[in-house]
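**Q** Sharing a model that was predicted from the sequence below.
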Amino acid sequence: MNNHGTQGGFITIAAVLLLLTVSVAVALEALMTSWQSSDTQAAWVHNARARALAGACVERARSQFRMDTSYIGSESLSFEAGACSVLSIASGSFEVRAEGRSKDAVARLFVVFDLSVNGSGSVDAVDMLRYERVAQF
């Protein structure tokens, strides 16, 4: 009985199965990495949007201060990408707490403005003295 042909066929089948197993493992790893990368990219996009939305509310407060120095905040703005809020501002204060939200991402900004008021009571300039991203208010 000649076993050389059978052994050669067995080795070939074993090598093909081993190569196939390694290929499937590499493909699965690449697929899982792609899914994780996609989740990470989506989270990054939502965080960037939340920061931009919080910035939009800071600019809203800045423009409101220019028109009315007694502006007290407590307003929300909605956009296609999410929403932002200017939290309440103490009377006579120019410290703004703004929060932007996009999906699960939240960004918070603490900003202090300085208003230059002319002799007639009009606001000439609204300067930013402090701009800080914060985790909590």
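**A** Nice, thanks for sending it over.

**Q** show me where pLDDT drops low in this structure?
**A** 1-8, 35-38 (pLDDT under 70).

**Q** how much space is there between the residue nearest the centre of it and residue 85?
**A** Nearest to the geometric centre of the chain sits residue 47, at 0.4 Å (Cα atoms, centre = their mean). To residue 85, residue 47 is 17 Å away according to Cβ to Cβ, to the nearest Å. In short, each C-beta sits where N, CA and C put it, glycine included.

**Q** circling back to that earlier point, correct me if wrong, but the residue nearest to the centre of the chain is in a helix.
**A** Yes: looking at residue 47 with DSSP: H, G, I helix; E, B strand; the rest coil, it is inside a helix.

**Q** Make 28 the first number, not 1, from now on.
**A** Taking 28 as the first residue, the last one we looked at is residue 74.

**Q** Thought residue 105 was touching residue 129, still the case?
**A** No: applying Cβ atoms under 8 Å as the test, residue 129 and residue 105 come out as separate, 11.6 Å apart.

**Q** Please say which of those two ends up with more neighbours.
**A** Neighbour count, other Cβ atoms under 10 Å: between residue 129 and residue 105, residue 129 has more, with 22 against 9.

**Q** Quick check: phi and psi on the closest residue to the residue nearest to the centre of the chain other than its chain neighbours?
**A** Spatial nearest neighbour of residue 74, excluding adjacent residues (Cβ to Cβ, 6 or more residues apart in numbering): residue 132 at 4.6 Å. With angles defined as degrees, to the nearest 10, residue 132 sits at phi -80, psi 140.

**Q** got it, and residue 126?
**A** Dihedral angles phi and psi of residue 126 (degrees, to the nearest 10) take the values phi -130, psi 130.

**Q** And for the one 3 residues further on?
**A** Torsion angles at residue 129 (phi, psi; degrees, to the nearest 10) stand at phi -140, psi 110.

**Q** Next: the one 10 residues further on.
**A** In terms of degrees, to the nearest 10, the main-chain angles of residue 139 are phi -120, psi 130.
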